[in-house]
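> this one's structure only:
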């Protein structure tokens, strides 16, 4: 098993497939829908409709680029508030048409930009959490690569959260952690270990429910291997979640997040 | 050219004075003005040194009107009707979920410094006769960053108000997530937001008062979810840190960036209310939501 720094490096690899590649390998008939209906179409966030076998679903995902040009357009997978508002629009649409929502996460965090603040990055993420807490349709989130901070959590507040074997999820990047708390960014490897950012750690402390395996030859060489597993797991889990009443679904979702916290009384 | 004349400063503290050869000599004991600790405070907005006794209980800078950060206890004193505050979950304290080195010592030090157990105080009180749940974050305690305890106390306060059918007022102030608690601190954002959702679905009123500073994970969760969002003048309100943004976009940001006034202009707060008027504003909002004062409610029963 790789250590945290190795996994961190793998989760960030430029060649690692991002949301669009996963969507196209797991679903059929993907129809991309653009824009948040408020400001613009955030290229760091993709979304639309697709078929999972014979079931229509709403898919959204954070998209990193694979070339410099692509990455500049997509801000290296750091969404603006407009991206999160696109997600919310598509989630509400999914609720209306009784479609489950599948979210793919791959981001170092929400974009720290001037426009992002002017248009309410904090409000957009808060609203995603608020919407997720009451959305009357199943929501499954999958960490496919990097998962950083509130910008990742905004799309991981549903019924199930899964993670690929070489994904990661943390309150902030190990580099940021080391430079803020220890004023020493060179200690990021140590921070990565301490922060328990790997799928194995997160499964253990109940932040995720499932680890999705990756092929030995590397996911960039055999995406279909992992895509097939995700497809099978999604089919199984959606059957389970769709059999619940809305009240059951929402109550279990509330309990899922209600349990987090360690304190003395 | 008087303009360029060097001022004769009075040295404070032990100064090392170089002799004529440029080598430093032993500090000389001199008659120096003594400034007793804690009598003066520097205004973070205009830089003025303010004599503490010049300020009233609202802690406003007499020079620029800037609102100083105040402790949770001071806030409760100027907000709640006298003798009405009953604290909830007063004894909740942090564990060390991530095993962060010396976290327990850090917490103990903060407790000693502030007299608080954690970064938020919650309870039930009356504000101008209106019964409400209230939560006040205190930036003196590790910048009121949100870990398990802050998240749990906020969640319980909101759940309590849902259970009792009461409004909830949260005075937010926070540097963001408590990094020392790792991923569990991030989960508090989802937990608190879900509690707010339930409170809202029950048709109850939630008022946020954003005070200096309301940033990071708190701005990206319950702080931005109020039915009505008030802010104190000049408070810093934003998601990402100013320096992080400047580093990313490689340009200097204007002074008023992420101020309460900036948020008002961009449509993210409803009103900026001065501290001395806050109680009156809260009272009006309760009334405008058809909430009855405790006394009237009792008479109607």
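Looks like it arrived, so ask away. Just so it is clear, the model here is predicted, and its values are computed rather than measured.

> now chain A, which segments are flagged as low pLDDT?
For chain A, the stretches flagged by pLDDT under 70 are A:1-2.

> again, only using 50
Scanning chain A for pLDDT under 50 picks out the ranges A:1.

> Could you do the stretch 101-250 of chain B as well?
Where the stretch 101-250 of chain B is concerned, nothing drops into low confidence, which here means pLDDT under 50.

> Using the three-state scheme, assign residue A:162.
The assignment at residue A:162 comes out as strand when based on DSSP: H, G, I helix; E, B strand; the rest coil.

> Could you pull up the residues touching the residue nearest to it when sequence neighbours are not counted?
What sits nearest to residue A:162 in space, not counting adjacent residues and going by Cβ to Cβ, 6 or more residues apart in numbering or on different chains, is residue A:210, at 4.3 Å. C-beta coordinates here come from the backbone N, C-alpha and C atoms, glycine included. Residue A:210 makes contact with A:160, A:162, A:163, A:203, A:233, according to Cβ atoms under 8 Å, 6 or more residues apart in numbering or on different chains.

> Show me what counts as buried in stretch A:10-22.
Neighbour-count burial for stretch A:10-22, with 16 or more other Cβ atoms under 10 Å in any protein chain shown as criterion, is recorded at A:10, A:11, A:12, A:16, A:17, A:18, A:19, A:20, A:21, A:22.

> can you tell me which two in the contacts of residue A:210 are farthest apart?
Across the contacts of residue A:210, the two members that end up farthest from each other (Cβ to Cβ) are A:203 and A:233, 14.2 Å apart.

> picking up where we left off before, now list the buried members of the contacts of residue A:210.
Of the contacts of residue A:210, these count as buried by 16+ other Cβ under 10 Å: A:160, A:162, A:163, A:233.

> As a markdown table, the residues you listed with distance to residue A:95 would be great.
Compiled in a markdown table, the buried ones among the contacts of residue A:210 are given as follows (distance: Cβ to Cβ, whole Å):
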| residue | distance to residue A:95 |
| --- | --- |
| A:160 | 17 |
| A:162 | 21 |
| A:163 | 25 |
| A:233 | 23 |
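
> what's the closest of those residues to chain B?
When the buried ones among the contacts of residue A:210 are compared for distance to chain B (Cβ to the nearest Cβ), residue A:163 comes out closest, at 11.7 Å.

> and that closest one, what is it in contact with?
A:142, A:143, A:147, A:169, A:199, A:202, A:203, A:208, A:210, A:211, A:212.

> ok, what's across the strand from it?
Beta-bridge partners for residue A:163, by DSSP bridges, are residue A:143, residue A:211.

> nearest spatial neighbour of residue A:37, skipping sequence neighbours?
The shortest distance from residue A:37 to any residue other than its chain neighbours is 5.9 Å, reached at residue A:89 (Cβ to Cβ, 6+ apart).

> Give the buried residues for the helix or strand where that neighbour lies.
Element membership for residue A:89 (DSSP states H and E) is helix A:81-96. Applying a neighbour-count criterion of 16+ other Cβ under 10 Å, the buried positions in helix A:81-96 are A:81-91, A:94-95.

> what does that helix rub up against?
Contacts made with helix A:81-96 from outside it, assessed by Cβ under 8 Å, 6+ apart, are listed as A:33-42, A:44-45, A:47-48, A:57-58, A:60, A:62, A:99-101, A:103, A:110, A:116, A:119-121, A:123-125, A:127-128, A:131-132, A:135-137, A:139, A:154-155.

> Now, those residues that are in strands?
Using DSSP state E, the members of these that fall within strands are A:45, A:47, A:48, A:57, A:58, A:60, A:62, A:101, A:103, A:139.

> and the third one, what does it touch?
When contacts are counted by Cβ under 8 Å, 6+ apart, residue A:48 touches A:23, A:30, A:31, A:32, A:33, A:58, A:59, A:90.

> let's see 10 Å
A:20, A:23, A:27, A:29-34, A:57-61, A:90 (Cβ atoms under 10 Å, 6 or more residues apart in numbering or on different chains).

> List buried residues within those.
When these are checked for burial by 16+ other Cβ under 10 Å, the buried set is A:20, A:23, A:27, A:33, A:57, A:58, A:59, A:60, A:61, A:90.

> for the buried ones among the contacts of residue A:210, which one is nearest residue B:65?
Distance from residue B:65 was checked for each of the buried ones among the contacts of residue A:210 by Cβ to Cβ. The minimum falls on residue A:163, at 49.5 Å.

> mind listing the helices in chain B by residue range?
Secondary structure of chain B, counting by DSSP state H: helices at B:72-79, B:103-114, B:148-164, B:183-201, B:216-219, B:242-249, B:260-265, B:278-288, B:294-300.

> Flag every buried residue along the fourth one.
So the one you mean is helix B:183-201. So, applying 16+ other Cβ under 10 Å, buried residues of helix B:183-201: B:183-200.

> Generate a ChimeraX selection restricted to the buried entries among the contacts of residue A:163.
Buried members of the contacts of residue A:163, defined by 16+ other Cβ under 10 Å, are picked up in ChimeraX with:
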select /A:142,143,147,169,199,202,208,211,212
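
> nearest residue to residue A:253 other than its sequence neighbours?
residue A:159 is the one closest to residue A:253 (Cβ to Cβ, 6+ apart), at 5.3 Å.

> shouldn't that neighbour be in contact with residue A:244?
Yes - proximity of residue A:159 to residue A:244 meets the contact threshold set by Cβ atoms under 10 Å, at 9.0 Å.

> Any part of stretch B:142-155 near chain A?
Yes - contact between stretch B:142-155 and chain A, assessed by Cβ under 10 Å from any Cβ of the partner chain, occurs at B:147, B:148, B:149, B:150, B:151, B:152, B:153, B:155.
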